[in-house]
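*Asks:* sharing a model that was predicted from the sequence below.
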Amino acid sequence: MAKIHKIRKEARKLPTSGLPSTYQNKGPRLGKPVCAVQAIKKVFFTTPNGRYGLLRSIGGKSTAKRFPLLVSLAVIISLFGSTTYAQDKTNEVNKIFGWATPATPGCVCAVSQNGKIVVNRAYGLADLERNVPLAQNSVFDIGSVRKQFIAAAVLLLVEEKQLSISEDIRKYIPELPDYGQKITLDHLLTHTSGLRDWTGLLPLANGKPDASTLILRQRVLNFAPGEEWSYSNSGYVLLTEIVARTTGKPFAEFARKYLFEPLGMKSTTYVTEMTDVVKDRALGYEKKKDGWKLDMYLGNDRGGGAILSTAEDLLIWNEALTNNRLGTSVSEKLQEPSKLNNGRKLDYARGLFLDTYKGTREVAHSGGAAGYHSWLGRFPEQGVSIAVLCNSDAMPTTALAHRLADQFLPATSTPDPLAGPPPAITEDALPDVNKKAGLFINEQTNETMRLVVDRGRFRIAGGPGLVPVTKDHFRRWGAFPQFMSQDEFELHFLSPDRFELKSMEGKVTQYHRAQPYKPTAADLQSLAGRYTSDEIGAFFDIAPGKDGLMGRANDAPGEGFLLSPVYRDTYQLGGVTVRFLRDKAGKVVALNYSNPVVRNIKFTRLGGLTSR
């Protein structure tokens, strides 16, 4: 490598007037290869990691000595090669971000190939009020992209034997409730701990407690550790605390000293106070009917910390993982698929999703924090790395990143046959499938599943598509961890009102159709009252409404929210389910609250509403 750097240095001193006319004044737009370039191909080549190397000898003598002009030409090509690729793609990249105008928020994107940056561009404004444009060095809150950094910090300590990946986390955080089951560091890293996600608890809480306080109040898990996969920010809040307690350093200091500085990530910091002044920070925005509004998480909304970074710094991080700069063990563990207790392998590792895009392996993670949206990913076999950082949700970053990938991945890449929506139901089968749609109840847990026909396709509401195998037999279209822990299940209808769900391991669960239910005024009145939860530090007031129950949390202003009846003692609002619990005498004594990331938070009934 030292020789190559020396040759490049000397090549910069060479005049271009002595080169073949094909190359004079052409810059990076090289013409057709002439015989000299054919010779260059024999002496200069690109190594698998993207670095340039020389064939050591031709005819027993040093290539550099025998063919100095050829080597000089090769060096010039090496100096301009990546620029050529970037310029060729500039117009296409500009089109991808054409929606971001000089008067709106936008994005910064960066792309590298084999460790060399070929795109680093900014579109739109960083500060609408002061008309400051986004730039290549603009700093963003990267949201959940930070999880891979937290995971790497933990794995560094595991490698140093200061932490154990299989240790009960109560060894490090003894004030965590004893759930009667062991939760390990690996459960936290892989989202298989069962801990309720604090982001689903905070909107209910009274007084906006911090994330750690909310987590430590929880007395019940969503599920037994290792039995399911459910994205939980709570695990990563605990991991930063475990790193701090183990090292005696705040996590921000540990990350700076052992991650950011050694890798040369000069514009990256871990911050715990979002109101600190940060140079070159882009502000986050949300589009409202009357224009753009600032949209940033501050204080307790940010969960105790965030990573602020640039697109270019994030590519440095990707290269560090590719080249094992944190150590082979750390890089491998970060990208190792996780498993459930039953042996099911998941497309999630530790702070990273493992996927494919058009037949190409993809290692990536997206992030969202109020108006900030991000995506960082790699296509290892192709040597392509992409970072997209945006300061509004005007366009999804994953879609933008994949459009960039289309410009740099080989055209031979083949689409994933399970990508996109499932095939439409045939016209003759559609009437029968329509009869199968509706709300069904899990006979073991009383949880609901709604089947819908959407634009001619059969699917689970809020979940994957279903494709027919036979008239009454359907299989899941695609699988991903975020829905039923990546179970490649099948549905078998026993009748239009009943089906069996068979998991990929063979477990069978029965579902029956929920019958229409219209509560009487007396039914609704029997549920009215105030319900309180010590786990959340909050209360609900429930009162009869015109078409269901009206709920209000913590004396919030306004008329409250409408809970619609599903079946007796069960009401829903979007993804929220409220189930009322009765004692042996049939009296309502409590309710269980669930949303997509928390299950069965118990609120105890205090009594009927007063005239207040």
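*Replies:* Yes, it's here.

*Asks:* all helices for the stretch 451-600 of the chain, in order.
*Replies:* For the stretch 451-600 of the chain, the helices defined by DSSP state H, counting those that start in this stretch occupy 521-527.

*Asks:* which stretches of it have low pLDDT?
*Replies:* For the stretch 451-600 of the chain, applying pLDDT under 70 flags no range at all.

*Asks:* can you show me the strands along it?
*Replies:* 457-460, 465-470, 473-477, 490-495, 498-502, 508-513, 529-533, 538-544, 549-553, 561-567, 570-573, 576-582, 588-595, 598-607 (DSSP state E, counting those that start in this stretch).

*Asks:* so which residue is dead centre in this protein?
*Replies:* Closest to where the C-alpha atoms of the chain average out (C-alpha atoms, centre = their mean) is residue 366, at 3.5 Å.

*Asks:* buried sites along the helix or strand hosting that one?
*Replies:* In the assignment (DSSP states H and E), residue 366 maps to strand 360-369. By 16 or more other C-beta atoms under 10 Å, the buried positions in strand 360-369 come out as 360, 362, 363, 364, 365, 366, 367, 368, 369. Every C-beta, even on glycine, is put in place using the N, C-alpha and C of the backbone.

*Asks:* closest to residue 481 out of those residues?
*Replies:* residue 365 (12.3 Å; C-beta to C-beta).

*Asks:* can you pull the contacts of the closest one?
*Replies:* 144, 145, 147, 148, 351, 352, 353, 375, 376, 377 (C-beta atoms under 8 Å, 6 or more residues apart in numbering).

*Asks:* okay, now the nearest residue to residue 264 once chain neighbours are set aside: neighbour count?
*Replies:* Distance criterion C-beta to C-beta, 6 or more residues apart in numbering; nearest residue to residue 264, sequence neighbours excluded, is residue 316 at 6.0 Å. Neighbour count for residue 316, taken as other C-beta atoms under 10 Å: 24.

*Asks:* from residue 190, how far out is residue 316?
*Replies:* 26 Å (C-beta to C-beta, to the nearest Å).

*Asks:* next, count neighbours for residue 162.
*Replies:* Neighbours of residue 162 under the rule other C-beta under 10 Å: 12.

*Asks:* hang on, it packs against residue 246?
*Replies:* Yes - taking C-beta atoms under 8 Å as the definition, residue 162 is a contact partner of residue 246 at 5.4 Å.

*Asks:* report the backbone C-alpha coordinates of stretch 233-248 in CSV.
*Replies:* Output in CSV follows, covering the C-alpha atoms of stretch 233-248 (Å, rounded to 0.1, in the frame of the first residue of the first chain):
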residue,chain,number,x,y,z
ASN,A,233,-37.1,0.3,22.9
SER,A,234,-37.2,-0.5,26.6
GLY,A,235,-34.4,-3.1,26.1
TYR,A,236,-32.1,-0.6,24.6
VAL,A,237,-32.7,2.0,27.3
LEU,A,238,-31.6,-0.7,29.9
LEU,A,239,-28.6,-1.6,27.8
THR,A,240,-27.2,2.0,27.9
GLU,A,241,-27.6,1.9,31.6
ILE,A,242,-25.9,-1.4,31.9
VAL,A,243,-22.9,-0.1,29.9
ALA,A,244,-22.7,3.0,32.1
ARG,A,245,-22.9,1.0,35.4
THR,A,246,-20.3,-1.6,34.2
THR,A,247,-17.7,0.9,33.0
GLY,A,248,-18.4,3.7,35.4
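
*Asks:* 25 is where my numbering starts, stick with that
*Replies:* With 25 as the first residue, the last one maps to stretch 257-272.

*Asks:* list the buried residues of that stretch.
*Replies:* Those would be 257-268, 270-271, for stretch 257-272 by 16+ other C-beta under 10 Å.

*Asks:* now stretch 365-381: average pLDDT?
*Replies:* In this model, stretch 365-381 has a mean pLDDT of 97.

*Asks:* just how off-centre is it within its chain?
*Replies:* A distance of 12 Å separates the C-alpha centroid of stretch 365-381 from that of its chain, computed with C-alpha atoms, centre = their mean, to the nearest Å.

*Asks:* how about it: buried residues?
*Replies:* Neighbour-count burial for stretch 365-381, counted by 16+ other C-beta under 10 Å, picks out 368, 370, 371, 372, 373, 374, 375, 376, 377, 378, 380, 381.

*Asks:* residues touching the residue nearest to residue 521 when sequence neighbours are not counted, list them.
*Replies:* Residue nearest to residue 521 in three dimensions, not counting chain neighbours: residue 537, with 4.0 Å by C-beta to C-beta, 6+ apart. By C-beta under 8 Å, 6+ apart, residue 537 lies in contact with 462, 463, 464, 465, 520, 521, 522.

*Asks:* run through the bridge partners of the fourth one.
*Replies:* Yep, that's residue 465 we're talking about. Beta-bridge partners recorded for residue 465 (DSSP bridges): residue 472, residue 536.

*Asks:* what about it, neighbour count?
*Replies:* With other C-beta under 10 Å as criterion, residue 465 counts 19.

*Asks:* what's the spacing between it and residue 516?
*Replies:* Taking C-beta to C-beta, one finds residue 465 at 17 Å from residue 516.

*Asks:* do the second one as well
*Replies:* Here the distance between residue 463 and residue 516 works out to 18 Å (C-beta to C-beta).

*Asks:* those two - which one has more neighbours?
*Replies:* residue 463 (18 against 15).

*Asks:* check the more buried one and give its pLDDT.
*Replies:* For residue 463, the model assigns a pLDDT of 95.

*Asks:* ok but it is inside a strand, no?
*Replies:* Yes - going by DSSP: H, G, I helix; E, B strand; the rest coil, the assignment for residue 463 places it inside a strand.

*Asks:* mind listing what it touches?
*Replies:* 472, 473, 474, 537, 538, 590.

*Asks:* poorly predicted segments of this protein, please.
*Replies:* 25-111, 436-439, 631-636.

*Asks:* go with 80
*Replies:* 25-112, 435-444, 631-636 (pLDDT under 80).

*Asks:* returning to what we had before: right, and the pair among the buried residues of stretch 365-381 with maximum separation?
*Replies:* Longest span within those, C-beta to C-beta: 368 and 381, 22.7 Å.

*Asks:* which helix or which strand is home to residue 146?
*Replies:* Here residue 146 is assigned to strand 140-147, by DSSP H and E.

*Asks:* return the list of helices and strands in contact with the next helix or strand after that strand.
*Replies:* Note on strand 140-147: by DSSP H and E, the next helix or strand toward the C-terminus is strand 149-151. Contacts defined by 3 or more C-beta pairs under 8 Å, 6 or more residues apart in numbering; DSSP states H and E place strand 149-151 against strand 156-157.

*Asks:* quick one: the contacts of residue 389 as TSV, columns for distance to residue 146 too.
*Replies:* Below are the contacts of residue 389 laid out as TSV (distance: C-beta to C-beta, whole Å):
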residue	distance to residue 146
168	23
169	18
171	25
172	24
375	27
376	26
377	26
399	16
400	17
401	19
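
*Asks:* which among the residues you listed gets closest to residue 594?
*Replies:* Distances from residue 594 to these, taken by C-beta to C-beta, are shortest for residue 168, at 32.0 Å.

*Asks:* contacts only, for that closest one.
*Replies:* 257, 389, 390, 391, 392, 393.

*Asks:* got the phi/psi numbers for the first one?
*Replies:* Note on residue 257: backbone dihedrals following degrees, to the nearest 10 are phi -60, psi -20.

*Asks:* next, the buried residues of stretch 417-431.
*Replies:* For stretch 417-431, by 16+ other C-beta under 10 Å, it's 417, 418, 419, 421, 422, 424, 425, 426, 427, 428, 429, 431.

*Asks:* of these, which is the nearest to residue 364?
*Replies:* residue 422 (25.1 Å).

*Asks:* what about the closest residue to residue 518 other than its chain neighbours, distance to residue 284?
*Replies:* Nearest non-adjacent residue to residue 518, counting by C-beta to C-beta, 6+ apart: residue 524, 6.6 Å away. For residue 524, the distance to residue 284 equals 52 Å [C-beta to C-beta].
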